[in-house]
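> pasting a predicted model and its sequence here:
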Amino acid sequence: MSTTTTIAEYQAQNKAKLISEVRRRFEAEYVTDKSDKYDSRDVERLQQDDNWVESYLAWRHNVVDETLKMLDESFQWRKEMAVNDLTEVSIPRWLLEIGGIYLHGYDKRRQQVILDQAYCILVGMVYYSKYLSKIVIFDMPWIMNAAFKIVKTWLGPEAVSLLKFTSKNDIQDYVSVEYLPSHMGGTDPFKYSYPPLVDDDFQTLLCENGPIASEDKASRRYRK
């Protein structure tokens, strides 16, 4: 047996052990007598989806105690916000109409870009950080500086490390001109409108389980 195989097997066994410990301890220390704090679907998913458990472990550097705290906070937030029942009609229409948050284009690593004009992405930094590779902030208004210093204290060093503050001078380090609007120094003529076409990949609303389907698909449109 090669050394590489031995290391791979050890890593797999250690991962399985950590996942099992997280499940056991979360059930015993958090769910017992407190199950009303969480959506039962999240608790069930935790017991069945290895990748989901691993995502929490990874964001907490495989420290089980910290992972359990994050699960507790995340699950309470998910129940409060009814994340499992999220649909397009759950979102205030005004937020959709102003383009508060939507997909459009790709970054230089060919990963899809989420454009956020409502500071919504900060929630993702706390609860879905493993799924974000970068948070690129363009020309943040000076009036937000003081508030953002407070926000950074909530995020922790891992989330803060994802933040990249940019201007016209360096935004192209992350996104090519073809996917940047003119006010960012780009050449993209795209203009957001709501509702978009059902097959428009660049304006598909997302939840953690994939695209959110509209109840009015026939009326979707966009303009360029």
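Arrived safely, thanks for sending.
> give me the low-pLDDT residue ranges for this structure?
The chain contains residues with pLDDT under 70 at 1-5, 118, 120-126, 129-131, 154-156, 196-224.
> now do the strands in it.
Taking DSSP state E, the strands of the chain run over residues 101-106, 112-116, 135-138, 163-166, 206-207, 210-211.
> stretch 75-86: which residues count as buried?
The neighbour-count check on stretch 75-86 (16 or more other C-beta atoms under 10 Å) flags 75, 78-79, 83, 86 as buried. Quick note: C-beta positions are derived from backbone N, CA and C, even for glycine.
> got the CA coordinates for that stretch in CSV?
Extracted as CSV, the C-alpha positions of stretch 75-86 are listed here (Å, rounded to 0.1, in the frame of the first residue of the first chain):
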residue,chain,number,x,y,z
PHE,A,75,-30.3,26.4,12.4
GLN,A,76,-32.0,29.0,14.6
TRP,A,77,-31.6,31.6,11.9
ARG,A,78,-32.8,29.2,9.2
LYS,A,79,-36.0,28.5,11.1
GLU,A,80,-36.6,32.2,11.9
MET,A,81,-36.2,33.1,8.2
ALA,A,82,-38.1,30.0,7.0
VAL,A,83,-35.3,29.1,4.6
ASN,A,84,-36.6,25.7,3.7
ASP,A,85,-39.9,27.2,2.5
LEU,A,86,-38.3,30.1,0.6
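> break the protein down into its domains, please.
7-85, 92-184 (the TED database).
> of those domains, which is nearest residue 190?
domain 92-184 (6.4 Å; C-beta to C-beta).
> okay, how far is it across the closest one, tip to tip?
Terminal residues of domain 92-184 lie 28 Å apart, using C-alpha to C-alpha, to the nearest Å.
> packing partners for the top helix by length along the chain?
Assignment by DSSP state H gives helix 3-26 as the longest helix of the chain. Judged by 3 or more C-beta pairs under 8 Å, 6 or more residues apart in numbering; DSSP states H and E, helix 3-26 is in contact with helix 40-48, helix 50-59, helix 64-80.
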